[in-house]
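>>> no sequence on this one, just coordinates:
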Ligand SMILES: NC(=O)C1=CN([C@@H]2O[C@H](COP(=O)(O)OP(=O)(O)OC[C@H]3O[C@@H](n4cnc5c(N)ncnc54)[C@H](OP(=O)(O)O)[C@@H]3O)[C@@H](O)[C@H]2O)C=CC1
Ligand SMILES: CC[C@](O)(C(C)=O)C(=O)O
Ligand SMILES: [Mg+2]
Ligand SMILES: [Mg+2]
């Protein structure tokens, strides 16, 4: 078993003596800033000129500054803008304002692993990568829990980078759930692989294929939606709480037999062979090169894919059914990044 770090392993006072700038106030940014502030850390949010997030951050009780001013003020800069925006922000607004002994933190290793950002040698460079969406990082913290994080050190100018990352992980709530030490390469490659093949890409393709199969066979779209999407959350709750065996325990014996026998027929050896190709493309840098090029070309293909997904019939029937379940609106704060 790998060594895990929990509450007693961190040194909370290390970060309490530092000034922290969180750059960006999106999914991760709002959660880090609010969790750190609630933990007693001195934090400001760095935002671009004209940012619509200034009002949200101020309404949540936070101080905002320009990215340059926040970087100059801080001892620790956590860069939480989209991965493909980070290089320009870093080169133009953060790097000129860092001094030796400062720390630059990431929540994902993309820009270090694929050598987009190359910090000066006097800077500590580390990662605190929560293993979950930012809105749930905030919600679990507010409920008294936490979500696991990975930490890694790329550059240790002060010899304190690892302890600093662990202290930061503590203050966003992750030492309550468990912190695992890794490398920038392992985090980047496993995170990209997981979101593409299992968590986001694989899952959405599986749900859509199931929905389409039922609807094309003449079943009601509402029935297909409940079966293939709505109930998924309830099944995943069982996985989250008690693992695969907890799920098998709770479903019927018929579901257990059918699932164990038929599941591998659907997710067959061909799927695993494709997963291996995807992993090769991530490790070789092919995926990163294509994603960077897609952004340089104005995200044209990305917008086409987004629009096709948003206009799929599963979304329309889902909207109508969810409107009749107002309690769902309170189950997450994903549309209110002012958090809390
Ligand atoms: N989403 C998640 O849950 C997870 C994300 N991560 C990692 O965390 C990092 C942040 O991701 P995420 O939270 O999804 O990012 P978001 O897309 O939610 O970030 C949006 C924020 O970035 C700001 N921003 C966007 N472009 C610029 C720019 N050019 N200059 C300055 N600010 C800009 C936005 O500003 P404005 O408010 O002005 O629009 C907004 O505040 C990434 O490295 C990602 O891989 C890691 C784990 C999970
Ligand atoms: C699963 C997607 C993720 O990696 C995450 C929430 O952890 C992301 O990049 O958003
Ligand atoms: Mg992730
Ligand atoms: Mg990710």
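Arrived safely. Predicted model, so just to flag it, every value in this text is computed and none were measured. Numbering: from 1, shown residues only. Ligands and ions are numbered 1, 2, ... in the order given.
>>> sec struct for the spatially closest residue to residue 189 that is not a sequence neighbour, please.
Take residue 189 and drop its neighbours on the chain: the residue closest to it by CB to CB, 6 or more residues apart in numbering is residue 282, 5.3 Å away. From N, CA and C alone the C-beta is placed, and that goes for glycine too. Of the three states, residue 282 takes helix under DSSP: H, G, I helix; E, B strand; the rest coil.
>>> repeat that for residue 108.
coil.
>>> quick one: contacts for it?
Taking CB atoms under 8 Å, 6 or more residues apart in numbering, we find residue 108 in contact with 83, 127, 129, 187, 188, 191.
>>> the fifth one falls within a strand, correct?
Meaning residue 188. No: according to three-state DSSP, residue 188 belongs to no strand; its state is helix.
>>> do you know the pLDDT at it?
Note on residue 188: pLDDT of 98.
>>> circling back to that earlier point, you'd agree the residue nearest to residue 189 is up against residue 193?
Yes: shown here, residue 282 and residue 193 form a contact pair, counting by CB atoms under 8 Å, at 5.7 Å.
>>> give me every residue in the stretch 51-200 of the chain lying close to ligand 1.
51-53, 67, 80-83, 85, 89, 107-108, 129-130, 133-134 (CB under 6 Å from any ligand atom).
>>> break the protein into its domains for me.
For the chain, the TED database gives the domain ranges 4-183, 199-267+299-336.
>>> per-residue confidence at the residue nearest to residue 189?
On pLDDT, residue 282 comes in at 99.
>>> residues touching it, list them.
By CB under 8 Å, 6+ apart, residue 282 lies in contact with 188, 189, 192, 193, 196, 288.
>>> got JSON lines for those, with distance to ligand 2 too?
Below are the contacts of residue 282 laid out as JSON lines (distance: CB to the nearest ligand atom, whole Å):
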{"residue": "188", "distance to ligand 2": "10"}
{"residue": "189", "distance to ligand 2": "12"}
{"residue": "192", "distance to ligand 2": "8"}
{"residue": "193", "distance to ligand 2": "10"}
{"residue": "196", "distance to ligand 2": "9"}
{"residue": "288", "distance to ligand 2": "14"}
